[in-house]
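Q: sequence first, predicted coordinates after that:
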Number of protein chains: 2
Amino acid sequence: MTSSARSEDTPPTDPVGFETHDHASCIASAIAEAEAHCAREGLRFTPVRRKALEILLREHRALGAYEMLDALREAGFGSQPPVAYRALEFLVGNGFAHKIERLNAFIACAHPGANHSPAFMICRSCDSVAEAQATPARGALGDAARAAGFRIERTVVEAEGLCPACSEKAGT
Amino acid sequence: MTSSARSEDTPPTDPVGFETHDHASCIASAIAEAEAHCAREGLRFTPVRRKALEILLREHRALGAYEMLDALREAGFGSQPPVAYRALEFLVGNGFAHKIERLNAFIACAHPGANHSPAFMICRSCDSVAEAQATPARGALGDAARAAGFRIERTVVEAEGLCPACSEKAGT
DNA sequence: GCGCTACTTGTCATAGTATAACAGTTCGTG
DNA sequence: CACGAACTGTTATACTATGACAAGTAGCGC
């Protein structure tokens, strides 16, 4: 998984998304990680897939599939929806990106390599999205699933609300 | 509300959805509750809204908006998408139904009246959906939100996996 | 009862999201 | 080099959702 040793008991709680940071290096390292991961797994990190990940990383926000398609077309790739959907499917399937169900949009993974169940905070005012770690099996949902005999394979956890900046703007 | 006093610390873990139960009475009581709620709040529980809720309760599964539209048309209501979307908007807005983001579909609320943040378990094999209670402010997401200064207003919690029946069919 | 307002219903039109199916190409392997 | 698997691109189509406007209806003050 690339990312250096980190205890399962101390997941990072840094949201990564409501603060500025060194973008150029975060993009470069994310691409490098994806490349390394693909090499290890025998996956093909083709130009269109790499470009799609670059676009997500550069935008640093949730992009609709058709925004992605526009960007890919401008970069010289095909111009039909499946081009974007397939690249996104690859990225999501391999953990390099996530789909935000609430927005029908996609965002680069903020914790690449971590074996995580992502959780998202979505600002309803500015549409910014921050990624955190979820603990799916814990809490009421995990209890209910065990009680019902439901086998959880994947979780969608998305909180909608106001990010710090918009919260201030809105007063109090 | 109707549901009798219940401590915040002991949310019900009954999934309501992977088991059979007395449907006729559950439909009737849900409709009665909705009617009473609307009377109290000065909301208009019009024929098309009532029918939409009846349909959701009767089907007892997540319905796409266009399935709802078909059912409403058969019942003699309008046949254009806004008819269904507006009825669903009313039901969701007033807590009588929920939208399952993962499926782009709608389901009757299984805990009507309860002041809840719903969580859902979605079977990827048979598409059945069970509703449980979430505890949004607790857990890693709540911690991350507080650390980031994000104000949560609403949460989407959806677990995807195998329901007991499909899990058995699939073998162990 | 009359007229007012707010709300609701229904329609047409259009925007946005997503996938099926097939042809041509490229990659890795035997 | 021949082969199969995977990838890219295309056309066509299906599914999901909303804006805008006209007509009807309920509730309210007078």
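A: Yes, it's here. Keep in mind the model is a prediction, meaning the values are calculated, not measured. Residues are numbered from 1 along each chain as shown, chains lettered A, B, ... in the order given.
Q: run the chain-centre distance for the helix ranked longest in chain A.
A: In chain A, taking DSSP state H as the definition, the longest helix is helix A:23-41. Centroid separation for helix A:23-41 versus its chain: 14 Å, with C-alpha atoms, centre = their mean, to the nearest Å.
Q: report all helices and strands that the helix or strand following it contacts.
A: From helix A:23-41 onward toward the C-terminus, using DSSP states H and E, the following helix or strand is helix A:47-59. Secondary-structure packing of helix A:47-59 (3 or more C-beta pairs under 8 Å, 6 or more residues apart in numbering or on different chains; DSSP states H and E): helix A:23-41, helix A:65-74, helix A:81-93, strand A:105-108. Where C-beta positions appear, they are placed from N, C-alpha and C, glycine not excepted.
Q: the third one vs DNA strand D: in contact?
A: Yes: looking at helix A:81-93 against DNA strand D by C-beta under 7 Å from any atom of the strand, the contacts come from A:P81, A:P82, A:V83, A:R86, A:A87, A:F90.
Q: now do that helix, average pLDDT.
A: For helix A:81-93, mean pLDDT rounds to 98.
Q: tilt between it and helix A:65-74?
A: 110 degrees (axes from the mean of the first three to the mean of the last three C-alpha atoms, to 10 degrees).
Q: output the longest helix of chain A as CSV, nothing but the C-alphas.
A: Provided in CSV are the C-alpha atoms of helix A:23-41 (Å, rounded to 0.1, in the frame of the first residue of the first chain):
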residue,chain,number,x,y,z
HIS,A,23,-0.4,21.5,-4.7
ALA,A,24,2.4,20.9,-7.2
SER,A,25,4.1,18.4,-4.9
CYS,A,26,0.9,16.8,-3.8
ILE,A,27,-0.1,16.2,-7.4
ALA,A,28,3.3,14.8,-8.3
SER,A,29,3.4,12.4,-5.4
ALA,A,30,-0.1,11.2,-6.0
ILE,A,31,0.7,10.4,-9.6
ALA,A,32,3.9,8.7,-8.6
GLU,A,33,2.1,6.6,-6.0
ALA,A,34,-0.5,5.6,-8.6
GLU,A,35,2.2,4.7,-11.0
ALA,A,36,4.0,2.6,-8.5
HIS,A,37,0.8,0.9,-7.4
CYS,A,38,-0.1,0.0,-11.0
ALA,A,39,3.3,-1.3,-11.7
ARG,A,40,3.1,-3.6,-8.6
GLU,A,41,-0.4,-4.8,-9.5
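Q: which of the residues in that helix are buried?
A: A:C26, A:I27, A:A30, A:I31, A:E33, A:A34, A:H37, A:C38 (16 or more other C-beta atoms under 10 Å in any protein chain shown).
Q: need the nearest residue in space to the last one, chain neighbours excluded.
A: Nearest residue to A:C38, sequence neighbours excluded (C-beta to C-beta, 6 or more residues apart in numbering or on different chains): A:F45, at 4.0 Å.
Q: helix or strand next in line after the strand ranked longest in chain A, which one?
A: Secondary structure assigned by DSSP state E gives strand A:151-162 as the longest strand of chain A. Using DSSP H and E, the helix or strand that follows strand A:151-162 towards the C-terminus is helix A:164-169.
Q: any buried residues in that next one, and which?
A: A:P164, A:C166, A:S167.
Q: phi, psi of the closest residue to the first one other than its chain neighbours?
A: It stands for A:P164. For A:P164, ignoring the flanking residues on the chain, the nearest one in space by C-beta to C-beta, 6+ apart is B:G149 at 3.7 Å. As for B:G149, its main-chain torsions (degrees, to the nearest 10) stand at phi 80, psi 20.
Q: quick check: B:G149 touching A:S167?
A: Yes: the criterion here is C-beta atoms under 8 Å, and B:G149 meets it with A:S167 at 7.0 Å.
Q: for the closest residue to A:N104 other than its chain neighbours, grab phi and psi.
A: What sits nearest to A:N104 in space, not counting adjacent residues and going by C-beta to C-beta, 6+ apart, is A:G64, at 6.6 Å. Per-residue torsions, A:G64: phi -70, psi 160 (degrees, to the nearest 10).
Q: okay, now A:G64: neighbour count?
A: By the measure other C-beta atoms under 10 Å in any protein chain shown, the count of residues near A:G64 is 13.
Q: near DNA strand C, which residues of chain A?
A: By the rule C-beta under 7 Å from any atom of the strand, the part of chain A lying against DNA strand C is A:R44, A:G64, A:A65, A:Y66, A:Q80, A:P81, A:P82, A:Y85, A:N104, A:A105.
Q: which sections of chain A are below the confidence cut-off?
A: Scanning chain A for pLDDT under 70 picks out A:1-21, A:137, A:172.
Q: picking that back up, now the residue nearest to A:C38. Its backbone dihedrals?
A: According to degrees, to the nearest 10, A:F45 has phi -90, psi 80.
Q: show me what contacts it?
A: A:A34, A:E35, A:C38, A:A39 (C-beta atoms under 8 Å, 6 or more residues apart in numbering or on different chains).
Q: who touches stretch A:157-171?
A: A:18, A:100-102, A:117-126, A:128, A:130, A:134, A:136, B:101, B:136, B:141, B:145, B:148-157.
Q: how about A:H116, nearest residue that isn't a chain neighbour?
A: For A:H116, ignoring the flanking residues on the chain, the nearest one in space by C-beta to C-beta, 6+ apart is A:Q133 at 5.5 Å.
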